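Visitor: Build me a model from this:
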Amino acid sequence: MTGSNGKLSGVSRGGTLSRGLIFFLAACTILACNAPFVVGQNATPNPQTTLYVPNDTTSPSVPQVVIEAPGSGTQAVLQRPFTVRVHATDSLGITRVEMRESGRMVVSLPSPEPNPDLVALMQYLPTSVGPVTLEVVAYRQSVASSPVSIKVEVVGSEAQLSNPNSLDPTSGVAAGIICTARVNVSGLAFRNGPATNYRILDKLPVGEVLTVIGRNADLSWYQVKRTGGAIGWVNGGYTSAEGDCTKAPEVTPAP
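Guide: You can find the predicted model right below:
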């Protein structure tokens, strides 16, 4: 304001400038308090601040393994090598596969180099008679797959196999009981070959259950094993089959 006294006007102008400076400093203080906090190298973050850490999407998955053969329920012969075919995969490469017998490691097979798609034949030697569980685990260095397993019945000799004709001499694997046949008529002829011209070994009672261990080409005759171990042939038309008898091996007897 301009008055007749110049000094009074100068004081008024100085007071206006002082008030403006106070307002400016107050505004700067407010802005500084509300400004985002930047964490520097030597700064301490606000304990109430949540720091987001993204998931590590670069970590590979664990190895995968399957047992391709044989199937669970197969049989093996004591002290005769038994071969298990496994297939293991991993994006960075399988380095080894291990086999365990009822929890005890019996075979460890390393890969010559990390292999993303490894197929291996693992040979197991049965040392005791009875049922065993074979478990396979694949590894990428120390990273292990989930275990896969099959159940195997170990018998003392080939004569004790449920299906001796199915024994593969290379792998040592024999199919277990594929199917059974129940006798539907009393006095069914138990013969030494798949035709009526073969000699009769015995007559079977109605209701007896036989283990099918072989068949002829058209499934009209079954090669069977009785509970006591006797092996012969019966006319399939007089029996009721349980299971898939088409998987029994085709057998051609001596004339």
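Visitor: what stretches of the stretch 51-200 of the chain score poorly on pLDDT?
Guide: For the stretch 51-200 of the chain, applying pLDDT under 70 flags the ranges 51-60, 165-166, 175.
Visitor: Please enumerate the strands of it.
Guide: 64-69, 74-77, 82-101, 104-124, 130-140, 143-144, 148-155, 179-183, 188-191, 200-204 (DSSP state E, counting those that start in this stretch).
Visitor: Tell me which of these sits most buried.
Guide: Counting by mean count of other Cβ atoms under 10 Å, strand 74-77 has the highest mean neighbour count of the strands of the stretch 51-200 of the chain, with a mean of 24. C-beta: built from backbone N, CA, C; applies to glycine.
Visitor: And it, what does it pack against?
Guide: Contact partners of strand 74-77 among helices and strands, from 3 or more Cβ pairs under 8 Å, 6 or more residues apart in numbering; DSSP states H and E: strand 148-155.
Visitor: what about the strand it packs on, distance to the chain center?
Guide: 15 Å (Cα atoms, centre = their mean, to the nearest Å).
Visitor: Nearest to Lys225, out of the strands of the stretch 51-200 of the chain?
Guide: strand 179-183 (10.0 Å; Cβ to Cβ).
Visitor: Next, the angle strand 200-204 makes with the closest one.
Guide: 80 degrees (axes from the mean of the first three to the mean of the last three Cα atoms, to 10 degrees).
Visitor: Any idea how far strand 179-183 is from the middle of the chain?
Guide: For strand 179-183, the distance to the chain centre is 33 Å (Cα atoms, centre = their mean).
Visitor: and that strand, which strands flank it?
Guide: strand 209-215 (antiparallel), strand 239-243 (antiparallel) (DSSP bridges).
Visitor: give me every residue that touches the nearest residue to Val107 once chain neighbours are set aside.
Guide: The spatial neighbour of Val107 that comes closest, neighbours along the chain excluded (Cβ to Cβ, 6 or more residues apart in numbering), is Met99 at 4.0 Å. Neighbouring residues of Met99 by Cβ atoms under 8 Å, 6 or more residues apart in numbering: Val84, Met105, Val106, Val107, Ser108, Leu109, Met122, Tyr124, Leu134, Glu135, Val136.
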